[in-house]
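In: Compute the structure for the input listed below.
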Amino acid sequence: MESPPVPKIKLPTIEPFDGTIDPDDHLSAYKHQMYVQGVDDATWCKNFPATLKGVAQKWFNNLPPNSVNNFTELSILFTSHFVANRQEQKNNMHLGKVVQGPKEALRSYVKRFNLEALQIQDPNAGVAFDAFIRGLRPGSFKFNLVKKKISTLTEAAQEAEAFIHATEVCAKEKHPEAKKIEETIQPKKNLPKKAETWEVTSMPTSSKRSKITEPATSAEPIEFSKDQYSILMEIKDQYELKTPTEMKMAYRNRDKSKYFHFHKDCGQETIECKHLKRALEDLARKGKMNSY
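Out: Numbers count the residues shown, from 1 in each chain. Below you'll find the model as predicted:
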């Protein structure tokens, strides 16, 4: 610790270490500020106590005289004494725990995944990419990654950025036709209920009223061996499905992160579409869906 006087230097402006946080984080912050000043090893040692307080300051004051010969030795003593405060070192397996929630936006999932990846030292690119794909919720974005044969995390991040941008643009710029449909549908909500229709049938002794009702369909629902989205992707070029009715939900109220491949519009996942379910059942009753 004994060395000739050195020119005045700027003391590190970092949060003082009080013995309750990760010693490696504090040491790293100290090194980053000292490197740029170009001073000798002894100066590194002399200025380090100024970044300590509380029990950490007491620990330094209790070091035996002449027990430290250089900053490397001081760093080892420091981290060894406060080793209990070290954070758990995360590895590539931790990325497998990052999973996109059922209603979580793609932007949020990508941000959480990147923050987790930054905490891993020397991450394996292949493992990271595999974890990113597995964590994605089934949908149009994940399907496009597989279809385009994306094989690296960098490419996946670029695709995610483009997809997020496209989704946000579609949410801001509503198509004129969609607006007209919405305006047409809205007034119908306030229309009164249609009055029941009755007819009078002549009877030998008296007149009796009978309510006209529409015949109820008794067709049993059909269960398929695959989900609707997978079936649609496989048969869309083989059969002509009945054109679905326009979506009744107002455009501004829809979930823009979900995409209807059957309606070709946003608002809900394809696997949840009731119109597609009915269309597939119609094909099945015609004997065209035996393989499903």
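
In: With the flanking residues excluded, which residue is spatially nearest to residue 133?
Out: On the basis of CB to CB, 6 or more residues apart in numbering, the spatially nearest residue to residue 133 that is not a chain neighbour turns out to be residue 145, at 6.6 Å. (Glycine included, C-beta is placed from N, CA and C.)

In: can you check residue 50 too?
Out: With sequence-adjacent residues excluded and distances taken as CB to CB, 6+ apart, residue 50 is closest to residue 11, at 5.6 Å.

In: what do you get for residue 82?
Out: Setting aside the residues directly before and after it, residue 82 is nearest to residue 23 in space (CB to CB, 6+ apart), at 4.2 Å.

In: who's in contact with that neighbour?
Out: Residue 23 makes contact with 17, 78, 79, 81, 82, 83, 85, 86 under the criterion CB atoms under 8 Å, 6 or more residues apart in numbering.

In: doesn't residue 25 make contact with the fifth one?
Out: No - assessed by CB atoms under 8 Å, residue 82 is found out of contact with residue 25, at 10.9 Å.

In: Give me the more crowded residue out of these two.
Out: When residue 82 is set against residue 25 and neighbours are counted by other CB atoms under 10 Å, the residue ahead is residue 82, at 21 against 15.

In: got a list of what the more buried one touches?
Out: If you count contacts by CB under 8 Å, 6+ apart, residue 82 has them with 19, 23, 56.

In: rewinding a little: what number of residues lie near the residue nearest to residue 133?
Out: By other CB under 10 Å, the residues close to residue 145 number 20.

In: The one 3 residues further on too?
Out: Residues contacting residue 148 under the criterion other CB under 10 Å number 11.

In: Over to residue 27?
Out: By the measure other CB under 10 Å, the count of residues near residue 27 is 19.

In: Over to the one 5 residues further on?
Out: Residues near residue 32, counting by other CB under 10 Å, number 11.

In: Tell me where the stretch 101-250 of the chain has strands.
Out: Listed in chain order, the strands of the stretch 101-250 of the chain (DSSP state E, counting those that start in this stretch) span 198-202, 207-211.

In: just to revisit the earlier point, give me the buried entries from the contacts of residue 23.
Out: Neighbour-count burial within the contacts of residue 23 applies to 17, 78, 79, 81, 82, 85; the criterion is 16 or more other CB atoms under 10 Å.
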